[in-house]
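> Fold the following.
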Amino acid sequence: MSGVVLLPLVLLQAVSGLFLSFEWLLGFHQAAGEVLPEIPPLLHFWDWIAIGVHYGGGRLGGIFHAVIGIGLIWLSISGLWIYLNVRTRKKKT
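From the prediction side, this is the model:
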């Protein structure tokens, strides 16, 4: 039951991460320092961390992140499907 409660959050994270991966793989991503003329050091550091976590590993890392995102979406949907099937069976008995 707790997995079903977390499902919307997990799906949101997986889908947004998937879009970020495709954005980077297609060459559309720009760091905050490239868009804003002057950014505070904390924002620059945060952007560096986010890029390292989400885009690390080069092209192979981007493909890896996309595959992980697709897998997470599949696990979320199939988990919901299994939960609904079990719930339906319990109601019949």
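
> Looking at the chain, which helix is longest?
helix 58-92 (DSSP state H).

> so what's the residue in the chain sticking out farthest from the centre scoring on pLDDT?
The centre of the chain is farthest from one residue, T93, which by C-alpha atoms, centre = their mean lies 38.4 Å away. Per-residue pLDDT puts T93 at 72.

> Next: Q30.
What the model reports for Q30 is a pLDDT of 65.

> mind listing what the residue nearest to V10 when sequence neighbours are not counted touches?
Distances taken as C-beta to C-beta, 6 or more residues apart in numbering place S76 nearest to V10, at 5.2 Å, with adjacent residues excluded. Bear in mind the C-beta positions are built from the backbone N, C-alpha and C, glycine included. For S76, the contact set (C-beta atoms under 8 Å, 6 or more residues apart in numbering) comprises 7, 10-11, 14.

> and the gap between G57 and L84?
36 Å (C-beta to C-beta, to the nearest Å).

> what does L26 give?
The value you get for L26 to L84, if C-beta to C-beta is used, is 35 Å.

> Buried by neighbour count: which residues of stretch 71-82 qualify?
For stretch 71-82, the neighbour count (16 or more other C-beta atoms under 10 Å) marks 72-73, 76 as buried.

> average pLDDT across that stretch?
The model assigns stretch 71-82 a mean pLDDT of 87.

> Centre of the chain to that stretch, how far?
14 Å (C-alpha atoms, centre = their mean, to the nearest Å).

> repeat for stretch 63-74
In terms of C-alpha atoms, centre = their mean, the centre of stretch 63-74 is found 8 Å from the chain centre.

> hey, C-alpha coordinates of it in CSV?
This file holds the C-alpha atoms of stretch 63-74, laid out as CSV (Å, rounded to 0.1, in the frame of the first residue of the first chain):
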residue,chain,number,x,y,z
ILE,A,63,21.9,6.6,-22.0
PHE,A,64,22.3,4.9,-18.7
HIS,A,65,20.2,7.5,-16.9
ALA,A,66,17.5,7.3,-19.7
VAL,A,67,17.4,3.5,-19.3
ILE,A,68,17.1,3.8,-15.5
GLY,A,69,14.2,6.3,-15.9
ILE,A,70,12.4,4.0,-18.3
GLY,A,71,12.9,1.1,-16.0
LEU,A,72,11.6,3.1,-13.0
ILE,A,73,8.5,4.1,-14.9
TRP,A,74,7.9,0.4,-15.9
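
> Cheers, nothing more for now.
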